[in-house]
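In: here are the coordinates; sequence isn't available:
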Ligand code: ADP
């Protein structure tokens, strides 16, 4: 979607979205809104009829019965108006809830389609933030346009016709007041569009510092709550400065618009007073216009200052949602990776967005099918980045990765599994925490228990009182596991999923070195016959791997088996000897 396309374009796109997702509800809403608009005009017409019939009754031109009928018609018109007012407002709220559900679904779907690398880009995160913000506003921006057409315009057109039949000059003067108000709103739309663009990154920064300041664990331990509060207030100050400027501009425009409205109101009152004195309109028409003119102006100010004014402030946000969901990645066909195949890296290089430095350079190697490859190296050497490329989460900046002869990103992840450093801690039962990696099949309790044992999860009454049915996490009154136990749950989850290719990316930071070595060796045994990649900086864990790659500054420094690398007496041996000293 074109950015900065404005209220009308965004609303029309939004209405198409609502029409597509909630067709019946939208059409019903239009009917209610239209009837609501008509009901206000009926009030005016029947008020005039009643006043005219009372005057005729006094002059003995009509019977009491016809005056009573006019009275009942007027009462019915007022009652109808009140009912339609309630129905219209209530239905708008129901519609907004239904649309909110659809907008959320669309955001989730779109986020799901995004490349993992996009989440490393601050601009893309701003974009998501803006879309979520805009989704909440979309329905009300669209309802503003629909209400303007089906309610306010219906009312103004019918009132215009009514006033024209009384005196053409009356309806023309209303139009003359209406137009300047409309123009002034374009200025507001522009102002708030610019505001939304500049404020999104600052708002994200504000939210981040606020969450840091609210952190009761680490932040408080370091005693840096005040530091984050200060940063939060400084961002808030900048945000408020932008807001103040936009609000000031809006207030000046509003003042101008209100002045025009008040002048117009006075002119019309004066005109009808003159017309009734000259007996050019009836006393009934005078009373009806007098009673309705206030309503006419309050509706005019409501639609322009409040409704369109509000929508103009929020249209930029709604536009962000529309353009976010309209964007789409050309998703790969996701060919299923059946059985196993060699994984080949050809001249692979990779750079993160907004980063000048290549995180990976000149990678050329093959992981034979069924082989266990260990990637070792110091922090920052590129191990995690390489795993993400192998899993097809990131696409190489240069070169290519082939699974058999298919590029990695075109292969579906159906037969792949991974255990990441930043694994999830699902607040569900232990069983569901593990079975979630294979939702295609119903959970197999015996297999889960066997895997738990392999992953080193100890069942005792204190930590897991209900075995695999124990609820995990304090949020739902479940058992709180230690960091090491959570890591074992993540490992169990990874190996529960059926896979031909698996990556274990160091999810063992809080497990002691000896236990980690046991887990890695257990893992390598479990993966026997399957292609596996294990990542670690503790070399003793991977001695039994088929092949070891030593990463340094994003490149392969050495490769071979443990024995070969020890014999080479290079980087691997230096690291190995150093680490051996730690454990002596
Ligand atoms: P390792 O797993 O060996 O610790 P990584 O793969 O995490 O190393 O990082 C390799 C390099 O890429 C490092 O220089 C790191 O600073 C950089 N890097 C990692 N993540 C990002 C990111 N999101 N944006 C920019 N650079 C990154």
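Out: Arrived safely. Since the model is a prediction, treat every value here as computed from it, not as a measurement. Numbers count the residues shown, from 1 in each chain.

In: helices or strands up against the helix or strand encompassing residue 387?
Out: When elements are assigned from DSSP states H and E, residue 387 belongs to helix 383-390. Secondary-structure packing of helix 383-390 (3 or more C-beta pairs under 8 Å, 6 or more residues apart in numbering; DSSP states H and E): strand 343-351, strand 358-367, strand 372-377, strand 501-505, strand 531-536. Bear in mind the C-beta positions are built from the backbone N, C-alpha and C, glycine included.

In: Within its sheet, name the partner strands of the second one and how each one runs.
Out: In the sheet containing strand 358-367, the strands it pairs with under DSSP bridges are strand 343-351 (antiparallel).

In: Also the last one?
Out: For strand 531-536, the paired strands and their directions (DSSP bridges) read strand 372-377 (parallel), strand 501-505 (parallel).

In: contacts for that strand?
Out: Contact with strand 531-536 is made by 340, 343, 367-376, 383-384, 387, 390, 500-506, 508, 516, 520, 523-524, 541-542, 545, as judged by C-beta atoms under 8 Å, 6 or more residues apart in numbering.

In: do it and the ligand meet at all?
Out: No. In terms of C-beta under 6 Å from any ligand atom, no part of strand 531-536 sits within range of the ligand; the closest distance is 6.9 Å.

In: which of the residues in the following helix or strand past that strand are buried?
Out: Per DSSP H and E, the first helix or strand lying C-terminal to strand 531-536 is strand 547-552. Going by neighbour count (16 or more other C-beta atoms under 10 Å), the buried part of strand 547-552 is 547-551.

In: How about stretch 476-487?
Out: Buried-residue list, stretch 476-487, by 16+ other C-beta under 10 Å: 478-479, 481, 485-487.

In: got it, and stretch 443-452?
Out: Buried-residue list, stretch 443-452, by 16+ other C-beta under 10 Å: 443, 448-449, 451-452.

In: who touches stretch 62-77?
Out: 39, 42-43, 45-47, 49-50, 52-54, 56-57.

In: which one of those residues is nearest the ligand?
Out: The ligand has its nearest neighbour among those in residue 39, at 58.5 Å by C-beta to the nearest ligand atom.

In: ok but that closest one is inside a strand, no?
Out: No. Per DSSP: H, G, I helix; E, B strand; the rest coil, residue 39 lies outside any strand segment and is helix.

In: Serialize the helices and strands packed on helix 383-390 to JSON lines and add fields for mean neighbour count and mean pLDDT.
Out: Shown next, in JSON lines, are the helices and strands packed on helix 383-390 (neighbours: other C-beta atoms under 10 Å; pLDDT from 0 to 100):
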{"stretch": "strand 343-351", "mean neighbour count": "18", "mean pLDDT": "93"}
{"stretch": "strand 358-367", "mean neighbour count": "18", "mean pLDDT": "94"}
{"stretch": "strand 372-377", "mean neighbour count": "26", "mean pLDDT": "92"}
{"stretch": "strand 501-505", "mean neighbour count": "25", "mean pLDDT": "89"}
{"stretch": "strand 531-536", "mean neighbour count": "24", "mean pLDDT": "90"}
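
In: For residue 312, which of these is the nearest?
Out: strand 343-351 (40.8 Å; C-beta to C-beta).

In: Run through who's touching the closest one.
Out: Residues outside strand 343-351 that contact it (C-beta under 8 Å, 6+ apart): 357-367, 385, 389-390, 394, 396-403, 408, 501, 531.

In: got the angle between it and helix 383-390?
Out: Angle of strand 343-351 versus helix 383-390, following axes from the mean of the first three to the mean of the last three C-alpha atoms, to 10 degrees, is 120 degrees.

In: what's the offset of strand 343-351 from the middle of its chain?
Out: From the chain centre to the centre of strand 343-351 is a distance of 33 Å (C-alpha atoms, centre = their mean, to the nearest Å).
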